[in-house]
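A.B. asks: The sequence and its predicted three-dimensional model are supplied below.
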Amino acid sequence: MLKKLKKEKREQISSIAVMHDGKLLFGKRRDSGKWTLPGGHAEKDEVPSQTAVRELEEETGIEAKEKELEYLGNDNVVNEKGKKLRINCFLLETKEATTTKEDPDEENEGRWLYRDIKNGLPEDVANNLHAKKNVTLKLLGLQKSIKLKLYYNGENRKIFYN
């Protein structure tokens, strides 16, 4: 007998990779000292690109228009607290170095830094990410996916890890 599938409700998150001249913008969180990209939770009735634009300006002071964002994709994740999230990922490539302001949410240590990624993700960033399995970095090709097969109750279940 087939069971009716329930539609999963996932909290929507938008993450933005801001690139300039081979460098990617990162902030360091105040609460954990871990590196993160700009982004955050959607407000009521917001579409992912609207969330991305709003969060980018709130956190960094960088103003962008939705049409300037390149949609990279999304992925469903479960965070360390068991919360189901959908991470929507965007890229903003800037022609000029942008200035950034202190994070008014006080989530970051007060500054954002452009880090050179021409030779991959810097080791100090890679080893100290807020989200160890970062969907945006994976979609940019800066984190590898490792495919593992787990067998449970005779079923072959595929799980992907970054």
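C.D. replies: The structure has been received and is ready for your questions. In this text, all values refer to a predicted model and were calculated from it rather than measured experimentally. Residues are numbered from 1 along each chain as shown.
A.B. asks: Run a quick neighbour tally on Met19.
C.D. replies: 17 (other CB atoms under 10 Å). Every residue, glycine included, has its C-beta placed from N, CA and C.
A.B. asks: Tell me the secondary structure at it.
C.D. replies: For Met19, the assignment made with DSSP: H, G, I helix; E, B strand; the rest coil gives strand.
A.B. asks: Report how many residues lie close to Asn88.
C.D. replies: Counted with other CB under 10 Å, Asn88 comes out at 24.
A.B. asks: I meant Lys83, not that one.
C.D. replies: Neighbours around Lys83, by other CB under 10 Å: 10.
A.B. asks: My guess is it contacts Lys9. True?
C.D. replies: No. If you go by CB atoms under 8 Å, Lys83 and Lys9 don't touch, sitting 10.9 Å apart.
A.B. asks: and after the longest helix along the chain, which helix or strand comes next?
C.D. replies: Counting residues, the longest helix found in the chain (DSSP state H) is helix 48-60. Per DSSP states H and E, the first helix or strand lying C-terminal to helix 48-60 is strand 70-78.
A.B. asks: Asp124 versus Arg29, what's the distance?
C.D. replies: 14 Å (CB to CB, to the nearest Å).
A.B. asks: now swap in Leu25 and tell me
C.D. replies: 16 Å.
A.B. asks: do the same with Ser32
C.D. replies: 14 Å.
A.B. asks: circling back to that earlier point, could you list every helix and strand in contact with the longest helix of the chain?
C.D. replies: Of the remaining helices and strands, those touching helix 48-60 by 3 or more CB pairs under 8 Å, 6 or more residues apart in numbering; DSSP states H and E are strand 11-20, strand 23-29, strand 39-41, strand 84-93, strand 108-116.
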